[in-house]
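Visitor: Quick one, structure for this:
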Amino acid sequence: MRRSAMLLFFPLLLGGCATSDHGWTGSGAEPFNQAMADCKGRTAALGGKPERRFAIDTCMAGKGWTPPDR
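Guide: Numbers count the residues shown, from 1 in each chain. Coordinates of the predicted model:
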């Protein structure tokens, strides 16, 4: 009985986390493409500077996403 309960629970546990094709993860996050487009728009003035990556990561975190390990 315990094993069958684990087999049912495990997929539900994994299903609670969203993962994008770029390695970002989010639980209860807004849709990735929507969040990324908004964050890129908000940080466009920073151009290609390293500060932009930090700003995008911070913005995405506010939308429920965790950046990939870089």
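
Visitor: what's the nearest residue to Gly23 if we skip its chain neighbours?
Guide: Nearest non-adjacent residue to Gly23, counting by Cβ to Cβ, 6 or more residues apart in numbering: Pro68, 3.0 Å away. For every residue, glycine as well, the C-beta is placed using N, CA and C.

Visitor: which ones are touching the one you found?
Guide: Contact analysis of Pro68 by Cβ atoms under 8 Å, 6 or more residues apart in numbering lists 22-25.

Visitor: Which residue ranges of the protein form helices?
Guide: Counting by DSSP state H, the chain has these helices, from start to end: 2-15, 32-42, 50-62.

Visitor: Just the buried residues of the last one, please?
Guide: Applying a neighbour-count criterion of 16 or more other Cβ atoms under 10 Å, the buried positions in helix 50-62 are 52, 55-57, 59-60.

Visitor: same deal with the second one?
Guide: Taking 16+ other Cβ under 10 Å as the neighbour-count basis, helix 32-42 is seen to contain the buried residues 32, 35-36, 39.

Visitor: Relative to Ala45, which of those is nearest.
Guide: Using Cβ to Cβ, Cys39 comes nearest to Ala45 of the buried residues of helix 32-42, at 12.7 Å.
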